[in-house]
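# take a look and give me a structure for this.
(chains A, B, C and D)
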Number of protein chains: 2
Amino acid sequence: MDSSQDIFKAIADPTRREIIHMVSKQSLNLNSVAEKFDMSRQAVSLHVKILTDCGLIIIKKQGRERYCEAKLDSLREISAWVEQYKKFWESRLDSLENYLLKIKSAPKNAKRKK
Amino acid sequence: MDSSQDIFKAIADPTRREIIHMVSKQSLNLNSVAEKFDMSRQAVSLHVKILTDCGLIIIKKQGRERYCEAKLDSLREISAWVEQYKKFWESRLDSLENYLLKIKSAPKNAKRKK
DNA sequence: TATATTTGCAAGTAAAGACTTGCATATTTA
DNA sequence: TAAATATGCAAGTCTTTACTTGCAAATATA
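Predicted coordinates:
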């Protein structure tokens, strides 16, 4: 019912992430998408619906077919969310690097703290 | 049962994202985390368990308290996933910028295509 | 030692999620 | 027009998720 479906939930499902990946390479009609999965067409169709609901995919009618086209703008929200924590793992990397540099440059028989 | 819990599912829940946000600022014991939410302590505790299962939070015992500490390294997986699609929305931005530049620099009475 | 505090564990519930099967509809092709 | 193709809609099932309440265990404080 919520017109802007939760994008975090949308990408939480591996099937949906795979659908995103497929249609990001080329637009595909529903059956082509469904064929790749070991589940019913309707199940895939439902996943696609969830993706269109949150705007990650748009549907373009072409005769009796519906082509799924990737429109990944709203992934920016995910990006923004995760990037705010980037310093966390970057600083961890930094301190690992510092540590490695330190033990590398330390005198061989330096006392260890107990 | 999966030892490396699905991190995409872990961050799909808004409560868990808020917990991440809280403990990213300072380590908090379980009760302090739970107080902030309008749900039972056990419910929050379960969310914390999901976060520890996928390694986003580590628990440090201190007397009878357990402190939740953010360890957001594995968010890198999310970052990597979303960044692979960055060009999608960046190129869209580009074309918007180009469009804006174009109409800005266009002669005032230029003919519009019909 | 008695009591309060912090937490964990277990059982139960209610709602959402991920499917399935069956049938209807629209469009194309023979 | 009849048959094939692409899709949508609806009902039902099975599983997972997000909680709840109640009780037990460990630690701290009076």
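
# alpha carbons only for contacts and neighbour counts from here, please
Fine.

# A:Asn31 contacts A:Arg41, correct?
Yes. A:Asn31 is within contact range of A:Arg41, at 7.0 Å (criterion: C-alpha atoms under 8 Å).

# going along the chain, name the helices of chain A.
Counting by DSSP state H, chain A has helices at residues A:7-10, A:14-25, A:30-35, A:41-53, A:75-83, A:86-105.

# DNA strand C contacts on chain A?
Within reach of DNA strand C by C-alpha under 7 Å from any atom of the strand, chain A has these residues: A:9, A:12-13, A:15, A:38-43, A:46-47, A:62-64.

# which of the residues you listed count as buried?
Buried members of the residues of chain A next to DNA strand C, scored by 16 or more other C-alpha atoms under 10 Å in any protein chain shown, are A:Lys9, A:Ala12, A:Arg41, A:His47.

# how is chain A partitioned into domains?
Per automatic domain parsing, the structural domains of chain A span A:7-73, A:75-105.

# nearest to DNA strand D, out of those?
Closest of the domains of chain A to DNA strand D is domain A:7-73, at 3.4 Å (criterion: C-alpha to the nearest atom of the strand).

# now the closest one, how far from the centre of its chain.
14 Å (C-alpha atoms, centre = their mean, to the nearest Å).

# would you mind measuring the gap between the ends of that domain?
The first and final residues of domain A:7-73 sit 11 Å from each other (C-alpha to C-alpha, to the nearest Å).

# okay, and the helix or strand of chain A with the least pLDDT?
When the helices and strands of chain A are scored by mean pLDDT, DSSP states H and E, helix A:86-105 comes last with a mean of 69.

# residues contacting A:Ile19?
A:Val33, A:Val48 (C-alpha atoms under 8 Å, 6 or more residues apart in numbering or on different chains).

# any idea which of the domains of chain A scores lowest on pLDDT?
Comparing mean pLDDT across the domains of chain A, the weakest is domain A:75-105, with a mean of 78.

# out of the domains of chain A, which one sits most buried?
Per-stretch averages of neighbours, counted by mean count of other C-alpha atoms under 10 Å in any protein chain shown, single out domain A:7-73 among the domains of chain A, with a mean of 17.

# could you confirm whether that one reaches DNA strand D?
Yes. Legend: contact between domain A:7-73 and DNA strand D by C-alpha under 7 Å from any atom of the strand is shown at A:Asn29, A:Leu30, A:Asn31, A:Ser32, A:Gln42, A:Ser45, A:Arg64, A:Glu65, A:Arg66, A:Tyr67.

# please identify which pair of the residues you listed lies farthest apart.
Maximum pairwise distance among the residues of domain A:7-73 next to DNA strand D (C-alpha to C-alpha): 16.5 Å, between A:Gln42 and A:Arg64.

# which one is A:Ile50 nearest to, not counting chain neighbours?
In this structure, A:Ile50 finds its nearest non-sequential neighbour in A:Ala10, 6.6 Å apart by C-alpha to C-alpha, 6 or more residues apart in numbering or on different chains.
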